[in-house]
Every structure is written in C-alpha cells, then in structure tokens.
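Asks: Using only what follows, build the 3D model:
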Amino acid sequence: MMPLLLLPLLAASLLGKLSWWWWLPCALAALPTFAAYWWDKRAALRGAWRIPEARLQLLHLAGGWPAAFLAQRCFRHKTRKQPFLLIYRLAALANLALPYAWLWFYRPS
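Replies: Below you'll find the predicted structure:
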C-alpha cells in the first residue's frame with residue numbers, strides 16, 4: 001500500500017532527520033483532492049459534469065495523493081480503472097522520491 005511508504009518519512013521527521021516542511025504539499029493539497037473526489041463521485045452518480053482525470057492527476061502530483069488514496073476508499077471511486085491508477089501510483093512515487101533521496105544523500109556537515 002502506497003501510504004505505508006509515508007511511515008519511514010514520518011519517523012525521519014520525528015527523529016529530526018527530515019524537516020517538517022516536506023509535509024506541506026501533502027497538507028495543502030489534501031482538502032482540495034478529497035473534495036474533488038467527493039464532487040466527481042457525486043457527479044458520476046447523478047450523470048452530471050465530471051472532473052477531468054487530468055485535473056485529478058495534477059492534484060496527486062501536487063502532493064494530494066495520500067488524500068486521494070483515502071478518498072478512493074471512502075467513496076469507492078476510481079479504484080478499478082487501471083490506466084488512471086498507474087498514473088496515480090507514478091505521481092505518488094514521484095512525490096516520495098525527493099524526500100527519500102534527501103534522506104539517502106544528504107549528510108549534514
């Protein structure tokens with residue numbers, strides 16, 4: 001599960017190895033991402049205008065992928081469409097690559 005990859009980063013933050021500002025994109029993108037999934041599910045049920053998948057993917061890439069994971073489970077929305085899920089997972093990995101690289105390569109003097 002993708003959210004489990006956040007646990008080592010949380011531990012690193014608690015131990016002072018990773019600054020808390022790494023969490024800012026996830027925090028800022030969480031509410032808009034969750035709301036977008038709620039809106040899209042509601043629109044799908046009503047046959048109304050839907051949020052484009054590209055916009056949802058941009059929210060994932062902006063740091064909202066943990067909220068998207070939660071919204072997918074809460075609303076049972078966008079959980080089977082494989083091309084969408086592949087791009088979602090790639091966005092999550094892209095978001096995780098930078099802090100993991102920071103932890104791996106950064107050595108304070």
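Asks: got any ranges where this protein has weak pLDDT?
Replies: 1-2, 108-109 (pLDDT under 70).
Asks: For it, which segments count as helices?
Replies: Taking DSSP state H to define them, one finds helices in the chain at 6-14, 24-46, 53-59, 65-75, 82-105.
Asks: What residues does the residue positioned nearest the centre of the chain make contact with?
Replies: Nearest residue to the geometric centre of the chain (CA atoms, centre = their mean): W65, 1.0 Å. Contacts for W65 (CB atoms under 8 Å, 6 or more residues apart in numbering) come out as M2, C26, T33, Y88, A91, A92, N95. For every residue, glycine as well, the C-beta is placed using N, CA and C.
Asks: again, only this time at 10 Å
Replies: When contacts are counted by CB atoms under 10 Å, 6 or more residues apart in numbering, W65 touches 2-3, 6, 25-26, 29-30, 33, 57, 59, 88-96.
Asks: Kindly report the same for G63.
Replies: Taking CB under 10 Å, 6+ apart, one finds 22-30, 33, 91-92, 95 in contact with G63.
Asks: Next one: it from R42, what distance?
Replies: Counting by CB to CB, to the nearest Å, the gap from G63 to R42 is 24 Å.
Asks: likewise L24?
Replies: Applying CB to CB to L24 and R42 gives a distance of 29 Å.
Asks: for W104, same thing?
Replies: Separation of W104 from R42 (CB to CB): 42 Å.
Asks: The two - which one has more neighbours?
Replies: Using other CB atoms under 10 Å as the criterion, W104 and R42 rank with R42 on top: 13 against 8.
Asks: ok, now which ones touch that one?
Replies: A48, R50, F75, H77 are the contacts of R42 under CB under 10 Å, 6+ apart.
Asks: W21 too?
Replies: So W21 contacts S13 (CB under 10 Å, 6+ apart).
Asks: again, but for L9
Replies: K17, L18, W22, W23, C26, L96, P99, Y100, W102, L103.
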